[in-house]
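[1] how would this look folded up:
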Amino acid sequence: MEIILVGSEEDLASKNIRDRLIEGYDFDKIKDKFEGNDVFKSKINGNDVYVVLIKDGLIYSENLDKRVIDSKIVNKIDLIVFLSRHQSKEDTPAFTVHTIGNWYKAEYGGKNKELCGASAVFIKEFFIELNENAREGYQHTLEATHHGPFIESPAAFIEIGSTEKEWVDEENGRVIANTLMKTLKKYDERDNWISSILLGGGHYAQAGTKTLLRTNYAIGHICPKY
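    Residues are numbered from 1 along each chain as shown. All right, here's what the predicted structure looks like:
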């Protein structure tokens, strides 16, 4: 498989996670660049994994998968993971994961009433791994599907929240980088999980969190009650 890990120059948490990946694991710089930035590559569990950095904000990076393919770095993309910050009204320290798309109006990137592909298996395995590497004082949260960008490849956002203090904390970047790498080392779309969607509940999907941790169900998209 071809897996792309995407960071943004505009996102402090994004750059934090990217830097921890490159410094902590066997990523080699390749000759190709993407949007003027270096691209790094590693072989993980038989999969080609690339780290790229874009100039624009992640949620507005429309058709990013096509742009990467057009750059000739890869011929196809099986999964895109966006490395991102998370913001909340309560400023709660948190690590979050969610799929992307818009159930209704596209107010923050993407298209109206368009969902992107999702890997329920990746989200489940990442979330299980995250909870096994808990950091004291941080919430671990599965969020409902929301915001852009619109892409055709399966995708997920993994995030550090919720203020600049947490975004730039190198230990937080290390937690996400380590969790991500452990997930990719065992990630296999043929795993014996039951892929599903979740309907109902709030934006922070407490029922989904319990389901991922206690059952064989893997959850991709979540449509909240509102």
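[2] The residue nearest the centre of the chain: helix or strand, and which one exactly?
    Taking C-alpha atoms, centre = their mean, the centroid of the chain lies closest to Phe157, which sits 2.8 Å from it. Following DSSP states H and E, one finds Phe157 within strand 155-161.
[3] so what's Tyr204 bridging to?
    Glu143 (DSSP bridges).
[4] ok, and the closest non-adjacent residue to Cys16?
    Actually, residue 16 is Asn rather than Cys. Among residues not flanking Asn16 along the chain, Gly173 sits closest, at 3.6 Å (C-beta to C-beta, 6 or more residues apart in numbering). Glycine gets a C-beta too; all of them are placed from N, C-alpha and C.
[5] And Asn178, by the same measure?
    Nearest residue to Asn178, sequence neighbours excluded (C-beta to C-beta, 6+ apart): Asn133, at 6.5 Å.
[6] Give me the neighbour count for the one you found.
    14 (other C-beta atoms under 10 Å).
[7] That one touches Val175, doesn't it?
    Yes. Asn133 lies in contact with Val175 (C-beta atoms under 8 Å); the separation is 6.2 Å.
[8] so where do the strands sit in the chain?
    For the chain, the strands defined by DSSP state E occupy 2-8, 28-34, 37-44, 47-54, 79-86, 94-98, 139-142, 155-161, 194-199, 217-223.
[9] any chance of those in TSV, with mean pLDDT and distance to Gly117 too?
    Listed next are those as TSV, based on pLDDT from 0 to 100; distance: least, C-beta to C-beta, whole Å:
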stretch	mean pLDDT	distance to Gly117
strand 2-8	98	13
strand 28-34	96	21
strand 37-44	97	21
strand 47-54	97	17
strand 79-86	98	9
strand 94-98	97	14
strand 139-142	94	18
strand 155-161	98	6
strand 194-199	96	12
strand 217-223	97	9
